[in-house]
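Participant: Coordinates only, no sequence provided:
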């Protein structure tokens, strides 16, 4: 079940699929431009580019490992 954009946590990591692509990837919800929903962007691992939230379908939260 997809996660709605309004439910994304700033700074959180998610498994997501960019629309038009087949593979899932881990992304971070970036606050580089602000913490309000309209300022959040998507940071893709191993890239310095930021993308719009609407470019992705969010599938699952990436939880940190237990210590």
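Facilitator: That came through fine. In this text, all values refer to a predicted model and were calculated from it rather than measured experimentally.
Participant: in this protein, which spans are strands?
Facilitator: For the chain, strands defined by DSSP state E occupy the ranges 13-18, 24-30, 41-44, 50-51, 56-61.
Participant: Could you pull out the buried residues of the last one?
Facilitator: By neighbour count, with 16 or more other CB atoms under 10 Å as the criterion, the buried positions of strand 56-61 are 56, 57, 58. (Each C-beta comes from the backbone N, C-alpha and C, glycine too.)
Participant: Kindly check the end-to-end length of stretch 49-64 for me.
Facilitator: 23 Å (CA to CA, to the nearest Å).
Participant: nope, stretch 32-42 is what I meant
Facilitator: By CA to CA, the extent of stretch 32-42 from end to end equals 10 Å.
Participant: Sort out which residues of it are buried, please.
Facilitator: 40, 41, 42.
Participant: On the pLDDT front, check the last one for me.
Facilitator: Listed pLDDT for residue 42 reads 97.
Participant: Quick check: bridge partners of it?
Facilitator: residue 29, residue 51 (DSSP bridges).
Participant: still on that earlier bit, quick one, which of the strands of the chain is nearest to residue 67?
Facilitator: With CB to CB, the closest approach to residue 67 among the strands of the chain belongs to strand 13-18: 16.8 Å.
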